[in-house]
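Undergrad: Predicted model, plus sequence, below.
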Amino acid sequence: MSQIMKNRCVVVFEVSGTSIGTYRPMQKKFHSLQKLLEPYRMQYQKAKTFRSNYRIVLKQEKVRMGTYKVPKEIFEKIKSEIEQYQSFGTPSKKVRCIETGTVFQSAREASYWIEFVREIYYCNQDLIKQCCRGKQKTSYGYHWEFVKE
């Protein structure tokens, strides 16, 4: 087991139901945030009376510890305090369409290309990824593979 243990505290910022950032602060900072936010904890009565589009969700070990509706000033203050703990996702893999030889930066870009070429409303990028992994032969009539760099 590595010396640095994986941080299991997660803070998610939401505006109007859309996540705008995920942060992984140290446990000490996480618990201080929890104490600071306790007056704003979403309970039925408070949720009815206090209307705010700004929410902070605290999770630990993938268990939701609480959702807090806060005013914009507090939202911005807390966000600036834990800015250094921002969690970035893994970089996307490049994808190649075997028939055309076109290389895309991600499966999402490839799905946009398919929507344009096939003139369809929606293209599921997960189907392209499944084709790259060998789980299915084709996706939207094309063969796909991940580009090895």
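TA: Good, I have the coordinates. Computed from a predicted model, the values in this text were never measured in an experiment. Numbers count the residues shown, from 1 in each chain.
Undergrad: What residues does the nearest residue to residue 72 once chain neighbours are set aside make contact with?
TA: Closest residue to residue 72 apart from its sequence neighbours, by CB to CB, 6 or more residues apart in numbering: residue 54 at 5.6 Å. Where C-beta positions appear, they are placed from N, C-alpha and C, glycine not excepted. Applying CB atoms under 8 Å, 6 or more residues apart in numbering to residue 54 gives the contacts 13, 14, 15, 69, 70, 71, 72, 74, 75.
Undergrad: Without its sequence neighbours, what residue ends up closest to residue 11?
TA: Closest residue to residue 11 in three dimensions, ignoring its sequence neighbours and counting by CB to CB, 6+ apart: residue 23, at 4.5 Å.
Undergrad: what pairs with that neighbour across the strands?
TA: Counting by DSSP bridges, residue 23 forms beta bridges with residue 11, residue 86.
Undergrad: now it: how far from residue 17?
TA: Taking CB to CB, to the nearest Å as the measure, residue 23 and residue 17 are separated by 18 Å.
Undergrad: Among those two, which residue is more densely surrounded?
TA: Under the criterion of other CB atoms under 10 Å, the comparison of residue 23 against residue 17 puts residue 23 first, with 22 against 7.
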